[in-house]
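K.L.:
Output the structure for:
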Amino acid sequence: MEFFNSAESCEAIGPYSHCVKAGNTYYICGQVPFHPVNGNVVGIDIKQQTFQTLINLKAVLDAAGLDISDIAKTTVFLSTMDDFDGFNEVYAEFMGNHRPARLCLGANELAHGCLLEMDAIAYKE
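P.N.:
Have a look, this model is predicted:
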């Protein structure tokens, strides 16, 4: 296995790596809307927080030599499903024509009061 961490994403706040490569599969840890330098939550609404979360996800992909088009699946936790439409709008724009499989769930409570958390599985030959 190989382990990747991104200096462009927020520092891991626990005993884990941003990304683990096992064979041709990459497992990207849960990303939240933390500012990569000061660690504060970015944004007060779901659209702002979704955009920052995706920026953090992209930074981890970059560190592992991957691109958005390498994502096979994402898992998304929303603090309320009332935010689904706003989340989906930003997510669709960010992904462009790429459409990975996705699981989106409502979660009772997320770390640091974040409105969402998202992980991903990527694949590259």
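K.L.:
Show me the strands in the protein, by range?
P.N.:
2-4, 19-22, 25-31, 71-78, 101-106, 116-123 (DSSP state E).
K.L.:
Relative to residue 113, how far out is residue 67?
P.N.:
31 Å (C-beta to C-beta, to the nearest Å). C-beta coordinates here come from the backbone N, C-alpha and C atoms, glycine included.
K.L.:
So which of these two has more stuff around it?
P.N.:
Set residue 67 next to residue 113 and count neighbours by other C-beta atoms under 10 Å: residue 67 wins out with 13 against 9.
K.L.:
which residues does the nearest residue to the more buried one once chain neighbours are set aside contact?
P.N.:
Distances taken as C-beta to C-beta, 6 or more residues apart in numbering put residue 61 closest to residue 67, at 6.3 Å, once the chain neighbours are dropped. Contact partners of residue 61, counting by C-beta atoms under 8 Å, 6 or more residues apart in numbering, are 19, 28, 67, 68, 70, 71, 120, 122.
K.L.:
for the second one, what are its contacts?
P.N.:
It stands for residue 28. Counted by C-beta under 8 Å, 6+ apart, residue 28 has contacts 18, 19, 57, 60, 61, 64, 119, 120, 121, 122.
K.L.:
Okay, and the beta partners of it?
P.N.:
Beta-bridge partners for residue 28, by DSSP bridges, are residue 19, residue 120.
K.L.:
Residue 17 contacts residue 5, doesn't it?
P.N.:
Yes - taking C-beta atoms under 8 Å as the definition, residue 17 is a contact partner of residue 5 at 5.9 Å.
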